[in-house]
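1. predicted structure and sequence below. I'll ask about it afterward.
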Amino acid sequence: MTKPLVSLIIPVYNEELHLLEFLKKIDSTDIGFPKELIIVDDCSSDASSSIIENFSFQSSYQFFRHQQNRGKGAALRKGFAMAKGQIIGVQDADFEYSVDEVRLLVEPIAKNLADVAYGSRFKKSGQQVHRTFHYLINRLLTLTSNIFSGLYLTDMETCYKFFKAEIIKNIDLKSDKFGFEPEVTAKIARLHLRVLEIPVSYYPRSYIEGKKISWKDGIAAFWHILYFNSLAKESSYFREGLPQGYIPQGRLWL
């Protein structure tokens, strides 16, 4: 049986301090499936683009650079459109998550046991140290998202989100920045999907090390949860290519 191609979408913005080390790791890691790397540089002002352009990839890859900074959500949309894989996942260009655990999220989708897989930082059995502020905000955002969406998760804001390509390519995403997380969660909650959470390791970095998200993004996330779960028109959520089997009976969005 042929294994599905996995497209890893990697948004990059000013990551020069560790980018070369990261590229070596993601390029060489065997995830148990054929992979392609889709790298979208969101108009970095440092040497990130140069590092990517001069790296000798062994994996299949595509590279695109925005001409102006638009945000993580915009970079992901571009990557989703470029992806050729049957399974598509999000991979940040840092070491907060373990690349070695990517196969844990891919396997249940490849085996048709799930349609979407989230990597949860809060289901891990071992004790992990989280920064108090970010931990509390993440838990509060997840709780709020669960209340509005009806989809019970332990970690809505996780980076590691993997999808069947036919699903994510047919979700009409709008958020340019960090609103991607609550938006995509609100929209998959409207579909008849098997959503699985997998425990993953997490090694939080500091702002000195390049962390981008701030308290302002946390406030904005609450608005995105409210908007995409309660205020936006569902008729604009999905494209015509979405297989009808994912649409619950009685819903006439498309």
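-> Okay, I see it.
2. just checking, residue 163 is part of a strand?
-> Yes - when the secondary structure is assigned by DSSP: H, G, I helix; E, B strand; the rest coil, residue 163 falls within a strand.
3. residue 174 touches residue 184, doesn't it?
-> No - under the criterion of C-beta atoms under 8 Å, residue 174 makes no contact with residue 184, lying 10.3 Å away. All C-beta atoms are positioned from the backbone trio N, CA, C, and that covers glycine.
4. settle it for me: which of those two has more neighbours?
-> Just comparing residue 174 and residue 184: by other C-beta atoms under 10 Å the higher neighbour count belongs to residue 184, 23 against 18.
5. longest helix of the protein?
-> Across the chain, the helix with the greatest residue count (assigned by DSSP state H) is helix 132-149.
6. what packs against it?
-> For helix 132-149, the helices and strands in contact under the criterion 3 or more C-beta pairs under 8 Å, 6 or more residues apart in numbering; DSSP states H and E are helix 180-188, helix 215-226.
7. buried residues in that helix?
-> By neighbour count on 16 or more other C-beta atoms under 10 Å, the buried set for helix 132-149 is 137, 138, 139, 141, 142, 144, 145, 146, 148, 149.
8. just give me the neighbour total for the closest residue to the last one other than its chain neighbours.
-> Looking back up the chat, that one is residue 149. With C-beta to C-beta, 6 or more residues apart in numbering as the measure, residue 189 is the residue that lies nearest to residue 149, at 3.9 Å, once sequence neighbours are left out. The local packing of residue 189 (other C-beta under 10 Å) involves 19 other residues.
9. now the residue sitting nearest the centre point of the chain: how far from residue 173?
-> Against the mean C-alpha coordinate of the chain, by C-alpha atoms, centre = their mean, the closest residue is residue 90 at 3.5 Å. According to C-beta to C-beta, to the nearest Å, residue 90 stands 12 Å off from residue 173.
10. okay, and the common contacts of the two?
-> Residues touching both residue 90 and residue 173 (C-beta atoms under 8 Å, 6 or more residues apart in numbering): residue 76.
11. can you redo the helices and strands packed on helix 132-149 as a markdown table with distance to residue 157 and mean pLDDT?
-> Compiled in a markdown table, those are given as follows (distance: least, C-beta to C-beta, whole Å; pLDDT from 0 to 100):
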| stretch | distance to residue 157 | mean pLDDT |
| --- | --- | --- |
| helix 180-188 | 5 | 97 |
| helix 215-226 | 7 | 83 |
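12. residue 70 against residue 77, yeah?
-> No - the pair residue 70 and residue 77 does not pass the contact test of C-beta under 8 Å, sitting 9.2 Å apart.
13. more neighbours: these two, which one.
-> Here residue 70 and residue 77 are set side by side on neighbour count (other C-beta under 10 Å), and the busier one is residue 77, at 22 against 17.
14. can you list contacts of the helix or strand containing the more buried one?
-> Taking DSSP states H and E as the criterion, the element that holds residue 77 is helix 72-82. With contact meaning C-beta under 8 Å, 6+ apart, helix 72-82 is reached by 7, 9-13, 38, 40-42, 62, 64, 66, 88, 90, 168-169, 173-180, 183, 212.
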